[in-house]
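[1] coordinates only, sequence not included:
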């Protein structure tokens, strides 16, 4: 599945996607378009019942906060933030807020706001964008100066036994003190 990949092809500006089984193969940007990698070509799916996260929005914390990665940094940024190029590209974090939610909260784009959960508070610049769903907010977790993981919930998933860092209830407020 890697036979067609070499440094010369990987160094070109266009992406080369795995699997790439031969030197003349273009790569595979989308897997399983015709069949799955199972002997009969069919996929094996097991339905599960959806369960809400341990903490859901309520009257006090009315939004869902989710956290994640961005293209320019890796995990806590302990390595990528040492790169002047990458750190100049994205020097700090933000919280994405849907325009309708921002309007209701009186928040403007690029304004520093306070994101608050049951575990703490973080002051962070707002990014008002249609790219985030109404009722949901997103923060990248690479930035110590606005550390999203201070806010997240470490309740364990009952099946996977991993912390639920990706969903918790949050409120966002304008910072009014001088």
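    All right, it came through fine. Quantities reported herein were computed from a predicted structural model and do not represent experimental measurements.
[2] only C-alpha atoms for contact and neighbour calcs from this point on.
    Will do.
[3] does the closest residue to residue 81 other than its chain neighbours count as helix, strand or coil?
    Nearest residue to residue 81 in three dimensions, chain neighbours excluded: residue 87, at 5.1 Å (C-alpha to C-alpha, 6 or more residues apart in numbering). Using DSSP: H, G, I helix; E, B strand; the rest coil, the structure places residue 87 in helix.
[4] wouldn't residue 87 be in contact with residue 80 here?
    Yes - taking contacts as C-alpha atoms under 8 Å, residue 87 lies within contact range of residue 80: 7.2 Å.
[5] Let me know whether residue 74 touches residue 143 as I believe.
    No - under the criterion of C-alpha under 8 Å, residue 74 is not in contact with residue 143, lying 10.2 Å apart.
[6] per-residue confidence at the residue nearest to residue 81?
    Per-residue confidence for residue 87 comes out at a pLDDT of 78.
[7] distance of it from residue 110?
    From residue 87 across to residue 110, the span is 18 Å (C-alpha to C-alpha, to the nearest Å).
[8] What of residue 38?
    When distances are taken as C-alpha to C-alpha, residue 38 and residue 110 turn out to be 49 Å apart.
[9] More neighbours: the two, which one.
    Between residue 38 and residue 110, counted using other C-alpha atoms under 10 Å, the more crowded position is residue 110 (13 against 9).
[10] Could you give the backbone dihedrals for the more buried one?
    When read as degrees, to the nearest 10, the backbone of residue 110 gives phi 70, psi 0.
[11] Next up, the contacts around it.
    125, 126, 127, 128 (C-alpha atoms under 8 Å, 6 or more residues apart in numbering).
[12] Put together JSON lines for those residues, with pLDDT, neighbour count and distance to residue 31 on each row.
    Rendered in JSON lines, the data for those read as follows (pLDDT from 0 to 100; neighbours: other C-alpha atoms under 10 Å; distance: C-alpha to C-alpha, whole Å):
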{"residue": "125", "pLDDT": "96", "neighbour count": "20", "distance to residue 31": "38"}
{"residue": "126", "pLDDT": "97", "neighbour count": "25", "distance to residue 31": "36"}
{"residue": "127", "pLDDT": "97", "neighbour count": "25", "distance to residue 31": "33"}
{"residue": "128", "pLDDT": "98", "neighbour count": "23", "distance to residue 31": "34"}
